[in-house]
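Engineer: sequence first, predicted coordinates after that:
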Amino acid sequence: MNADDAGDAISMANTLRDPAALAEAGERLRRVLPPEYVDQLAAAASHATSLIHERLGPVMMRAVPGSFPEWLLLGMTATTVAWRDGRAKVCPCNPSVTSPEPIVAAAWLPNAVTCFKHKHMLGSPVRCDACGTEPGDAAGLQTGVIGTGVLIYAVALCPACARELLGGLDSPATLPPGGAPALARGCICPVCLNNHGEKAPLPPDGWYLAPGCPVHLPGVATTKPPTGSGQ
C-alpha cells in the first residue's frame, strides 16, 4: 500500500468513527453520484444487511463502527480502498464498485474480496485476528461479521477477545443454532433448516439465524424468517 492509499484508509476509518462525518460523507456522495447508482448502492447495502441477519453470525451489530479497535477499522478500510482501486484479489465473479452488490472480506486475508456466493474462497482462519493466538484448530475461534454498506467483513477471535468485541455472543460453532443445547438457552433459530444443530446447512460453516434470537442475534430487529423455517 502506498502513502496515498494509506491516507485514504485512515481518512475512511476516521469518517466511520464520527457519525456526523459519516452522514455528511453520505450526503456528498448523493449530490455527486447519479441517482440510479445511489439507488443501486442502497439496495446492495440493504441486501448485505439481510444476508448478515439471515445467514451469518454471530454479528457485531450492536456497536457503532467508531467503537471498534483501530486494527479492525483500518483492516476494513484498507481492503475497501484496495478493492476500489482494483488492487484487491477478487473471486471469479469479479465484484466491482461500478456494479454494487454485497461483498465479503476477512481480516485474516487482507486485500481479498469475494461476492457472497464465493465467500468460501477467503479460507478459514488459523489465529485470532486481535491478539494472534493460535488455538490449534478453527473450533477454538469465533467468527464475527460487521456490515458496513455493501461490505461484510469477517473477523476471527479467540474466546477472550470474542468476549470483549462480540459482547459475549455465542458462536454457532460452539452452540449450533437449532440444536438442543441452544434451544435450552432460548434459541429461536430454525430447527429443521439447521439439521437440529448437527451439521451446518450452508457449507462450510453457515447457519440460518433468526434475527432477535436471544442466544445468537440478541438486539437485532426481527424480520421475516426464510420460507420453511418452522421450528
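Structural biologist: Received, thanks.
Engineer: which strand or helix spans the residue nearest in space to the middle of the chain?
Structural biologist: Closest to where the C-alpha atoms of the chain average out (Cα atoms, centre = their mean) is residue 145, at 2.8 Å. Element membership for residue 145 (DSSP states H and E) is strand 142-148.
Engineer: show me what that strand is packed against.
Structural biologist: helix 35-55, helix 70-84, strand 151-157, helix 159-165 (3 or more Cβ pairs under 8 Å, 6 or more residues apart in numbering; DSSP states H and E). Quick note: C-beta positions are derived from backbone N, CA and C, even for glycine.
Engineer: mind checking those for the one nearest to residue 189?
Structural biologist: Nearest to residue 189, of all those, is helix 35-55, at 10.3 Å by Cβ to Cβ.
Engineer: alpha carbons of that closest one, as CSV, please.
Structural biologist: The C-alpha atoms that make up helix 35-55 are tabulated as CSV, following Å, rounded to 0.1, in the frame of the first residue of the first chain:
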residue,chain,number,x,y,z
PRO,A,35,-29.3,8.9,-8.7
GLU,A,36,-29.7,5.4,-10.2
TYR,A,37,-26.2,4.4,-8.9
VAL,A,38,-27.1,5.7,-5.4
ASP,A,39,-30.3,3.6,-5.6
GLN,A,40,-28.2,0.5,-6.6
LEU,A,41,-25.8,1.2,-3.8
ALA,A,42,-28.5,1.5,-1.2
ALA,A,43,-30.2,-1.7,-2.5
ALA,A,44,-26.9,-3.6,-2.3
ALA,A,45,-26.2,-2.3,1.3
SER,A,46,-29.7,-3.4,2.3
HIS,A,47,-29.1,-6.8,0.8
ALA,A,48,-25.8,-7.2,2.6
THR,A,49,-27.6,-6.4,5.9
SER,A,50,-30.3,-9.0,5.1
LEU,A,51,-27.6,-11.6,4.4
ILE,A,52,-25.9,-10.9,7.7
HIS,A,53,-29.2,-11.2,9.6
GLU,A,54,-30.4,-14.4,7.9
ARG,A,55,-27.2,-16.3,7.1
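Engineer: so what's the residue count around residue 184?
Structural biologist: Neighbourhood size, residue 184 [other Cβ atoms under 10 Å]: 10.
Engineer: sorry, that was for residue 80
Structural biologist: The number of residues near residue 80, taken as other Cβ under 10 Å, comes to 25.
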